[in-house]
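Colleague: Got a predicted structure plus its sequence, pasted below:
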There are 2 protein chains.
Amino acid sequence: MADKIIRFNGFKQATVSHAAVGVWRHEGNQSHRYNALDYWVETAKTLEAGLFDGLFVADVLGVLDTHGGRIDETLKQGAQTPSIDPLLAVSAMAAVTKHLGFAITVSTTYEQPYLLARKLTSLDHLSGGRIGWNVVTSALESAARNLGYDSQTPHDERYAIAEEFLEVAYKLWEGSWEDDAVVLDRANGVFADPAKVHAIGHKGRYFSVPDAFIAEPSPQRTPLLFQAGSSSIGKDFAAHHAEGIFISVHKPEIARRIVDDIRQRAERFGRDPASVKIFAMATVVTGPDDVSAQALHRALSATVSTEGHLARLSAILQLDLSQLDPDVPLEYVATAGIQGVLEMYTKLDPERRWTPRAIGEFLGIAGGGAEFVGSGNTVADEIEAWVDASGIDGFNITDPMPLRSFADFGTFVLPELRRRGRARTHYEGKTYRESLYGAGQPRLRSDHPGRAFRYSTTGDDA
Amino acid sequence: MADKIIRFNGFKQATVSHAAVGVWRHEGNQSHRYNALDYWVETAKTLEAGLFDGLFVADVLGVLDTHGGRIDETLKQGAQTPSIDPLLAVSAMAAVTKHLGFAITVSTTYEQPYLLARKLTSLDHLSGGRIGWNVVTSALESAARNLGYDSQTPHDERYAIAEEFLEVAYKLWEGSWEDDAVVLDRANGVFADPAKVHAIGHKGRYFSVPDAFIAEPSPQRTPLLFQAGSSSIGKDFAAHHAEGIFISVHKPEIARRIVDDIRQRAERFGRDPASVKIFAMATVVTGPDDVSAQALHRALSATVSTEGHLARLSAILQLDLSQLDPDVPLEYVATAGIQGVLEMYTKLDPERRWTPRAIGEFLGIAGGGAEFVGSGNTVADEIEAWVDASGIDGFNITDPMPLRSFADFGTFVLPELRRRGRARTHYEGKTYRESLYGAGQPRLRSDHPGRAFRYSTTGDDA
């Protein structure tokens, strides 16, 4: 069962068009300021004022070029290109907040675990334990091509690499430095006790990391782990490792099936299924009353770029949709790839006649996630119903109107949810993990697989 | 000739013991707070208050384990381990400053150019054009061993990789997006004009990067480039690419020989030799009068760890010095490696009898760089004389007493240098490059090799 309290993360990408492709065109939209420091600082302050758990930032490492084999539509809509590296904006946001967590997307496919573990530990130190890591394996050919590979590593092997990557990272984060290794003994000239810092001796199929970690343990040691795998292997990876799981569907009944599946998988991995917190993507358009919210929703929807959505979807599916007639139902396109797409969308809505244009319109400003439009009271009703029907723990709230969407949510919706006892009134503890699990749990729970790598004097560490 | 104005960068590493190994032991020393956000925020504010050009941050990617093949002494003195990734503290420092530059050390050996170029561009956007990149090729076996290699790539090949790495980066930074590619045309739904964004088509010996850059151009495009190579190939690399060069010697006469050599090399690469700004490492211990400065210097010197210095030097030289008797002159040790060390130190000071202990004492709190001790007046005299005798452009000032050393320099020395017309009274322009070259030069100078990669409609770009 979901908690009584509904959890929220802000959900962004450091680019022009994220989930709502084309909405940057709306008069006064600030999406093009994704590369300005005050944009991120202001966003973080707004989220903390609303007592959001954190800011969740998506990322990609290559241009979206599947649609017609070109990047023209991608550039026209700023669809995930241009973008900047979200990890580098975190310390500025951490400096102006005290509790907000930062769940940043970083791929296991193009970095060395020793270096990436240090980067995340560095941010966990600087933020006082507020870093989350959204573990992804990267799906874009364009990323592979520009990052040292002839072509994409196959999907299942990417997950095998990710598994070993996490094993190395757990060894570095949990097993290398004991809690009391740093003694800061000025009199005897001992900063850290060499007897309490251990080489990890990792020698695996993909990585060899023999030595001790270069960084001392941060408040959370292992950052709060997020994942969003949707393949069967991806769901197992998430159910095994993730403390937060991100899903994207438009209806609570569909979410319910995914939630039940994830929790069953988590239980098979020996974890308390309730400890896996599940967040669904949601887009909220609100205002002082239903009429004004609906008017804003219409205005935003009018700026959506169907072609841009299809360019983005082509990249996500790694399947060129540009060749199709926008108004011909997919059932008439006799390729296995397109039939797979049709099957996917038919599952989402069996009633609809799925054409490329229908897909673009379906994605709309909510990008295929939940969509709530109305006054604070209306949205609070819908959010409560969605959570209770789906069994999720909360939402990743998108930001179609940067510097405004989160503020509107805080002004109109959160006070109403608080009155109903469904939104938090204060932060728990100091770290991101404590926001999810309560004060006193800054480190991995005892049923989490990473805990097996904690250094123990009776263990067999190298 | 050097400018009339003497330039200063703060010089740090995100670790416990940087140049002054052991000085963390001094009562009240704050070096152990290297992993706290307010420590970096405060440091940046102090440097900007002193009108420093920038903060230069060293980094290493592996533990120092050459000394006796162990990390015991490294850990005891916090000698570059533990450390955090300095790139991740930059946005917080950029948020509290307006002019200060940030020259961060990042290796070309363990990152993909497409990813690293994006990281530096991201920070150049977020900081409004205040990023510098200290290009290093990494010399530690311990880094290689934990980062995917069986052993270190040979020195000259690391520079060959770095050359191609920079070529790729120039193509991405200078050649992919034209200045007016971003049009933000809401009416016609064109964020960026596809005709003005170009694939770079790079196919080289070490890297293949066919596509367009994922990031739009930042204020400086190419970050301000620093280097510190001391081998012949390293000096050529620096003279070819670097806009700022960092050297570390204790006497101006030795600096003069290096400066003349660098400028001659730069000229051979077709560059204005005066455009290569040369910074020497310096440690300043100052106070209201000579007596108090000398007392502080004695107190700091008493905490220096000779053993820690030798552990750090062993790693720098990749040569184990732990086996030697600390008091036996090196001339009695008949190995080629040690004779090389003796030769190096004899060049620095032919008069001294070089034992391991003598080397540790020589390194002292200044780490082998220039050392200025006294009142503001005394230090200003010495600094002026050093600059005029050596022909350098300025200093990278170390920070043996974090949160105090830079403030003392600002309180006692800079006002005196300003009275003499030798320290700046205001910042030039908005970017780091303009700090060096004057307002109006945020991008590479026309005689810099990176300019050849600027997109041109008459060029042969792919």
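Modeller: Alright, I've got the coordinates.

Colleague: Helix, strand, or coil at the closest residue to A:A215 other than its chain neighbours?
Modeller: Closest residue in space to A:A215, ignoring its immediate chain neighbours: A:T121 at 4.4 Å, by Cβ to Cβ, 6 or more residues apart in numbering or on different chains. (Each C-beta comes from the backbone N, C-alpha and C, glycine too.) Here A:T121 is recorded as helix under DSSP: H, G, I helix; E, B strand; the rest coil.

Colleague: For A:V135, see how far away A:T121 is.
Modeller: 15 Å (Cβ to Cβ, to the nearest Å).

Colleague: Look at these two and report which has more neighbours.
Modeller: A:T121 (30 against 23; other Cβ atoms under 10 Å in any protein chain shown).

Colleague: ok, which stretches of the stretch 51-200 of chain A are helices?
Modeller: Shown for the stretch 51-200 of chain A, the helices assigned by DSSP state H, counting those that start in this stretch span residues A:72-77, A:90-95, A:113-126, A:141-146, A:155-170.

Colleague: okay if I get these as JSON lines plus mean pLDDT?
Modeller: What follows is the helices of the stretch 51-200 of chain A, written out as JSON lines (pLDDT from 0 to 100):
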{"stretch": "helix A:72-77", "mean pLDDT": "94"}
{"stretch": "helix A:90-95", "mean pLDDT": "98"}
{"stretch": "helix A:113-126", "mean pLDDT": "98"}
{"stretch": "helix A:141-146", "mean pLDDT": "90"}
{"stretch": "helix A:155-170", "mean pLDDT": "95"}
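
Colleague: What are the buried residues along stretch A:43-54?
Modeller: A:43-48, A:50-54 (16 or more other Cβ atoms under 10 Å in any protein chain shown).

Colleague: Closest one of those to chain B?
Modeller: A:A44 (10.6 Å; Cβ to the nearest Cβ).

Colleague: show me what contacts that closest one?
Modeller: A:55, A:93-94, A:96-97, A:100 (Cβ atoms under 8 Å, 6 or more residues apart in numbering or on different chains).

Colleague: where do the strands sit along chain A?
Modeller: A:7-13, A:54-58, A:101-107, A:131-136, A:182-185, A:190-192, A:202-203, A:208-209, A:224-227, A:244-247, A:277-287, A:370-375, A:394-397 (DSSP state E).

Colleague: which stretch among these comes nearest chain B?
Modeller: strand A:190-192 (3.9 Å).

Colleague: Next, see if the closest one gets close to chain B.
Modeller: Yes: Strand A:190-192 lies within reach of chain B by Cβ under 8 Å from any Cβ of the partner chain, at A:190-192.

Colleague: Look at the nearest residue to A:V90 once chain neighbours are set aside and say how many residues are nearby.
Modeller: Leaving aside its chain neighbours, A:V90 sits nearest to A:F102 (4.9 Å; criterion: Cβ to Cβ, 6+ apart). Around A:F102 there are 30 other residues, counting by other Cβ under 10 Å.

Colleague: List the residues that contact A:F102.
Modeller: A:54-55, A:57, A:90, A:93-94, A:123, A:127, A:130-132, A:432.

Colleague: what do you get if the cut-off is 10 Å, keeping everything else the same?
Modeller: Residues near A:F102 by Cβ atoms under 10 Å, 6 or more residues apart in numbering or on different chains: A:9-10, A:44, A:47, A:54-57, A:86-87, A:89-91, A:93-94, A:123-124, A:127, A:130-133, A:223-224, A:432.

Colleague: can I get the residues of strand A:190-192 next to chain B in JSON lines with neighbour count and distance to A:D388?
Modeller: Output for the residues of strand A:190-192 next to chain B, formatted as JSON lines (neighbours: other Cβ atoms under 10 Å in any protein chain shown; distance: Cβ to Cβ, whole Å):
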{"residue": "A:V190", "neighbour count": "18", "distance to A:D388": "56"}
{"residue": "A:F191", "neighbour count": "27", "distance to A:D388": "53"}
{"residue": "A:A192", "neighbour count": "27", "distance to A:D388": "50"}
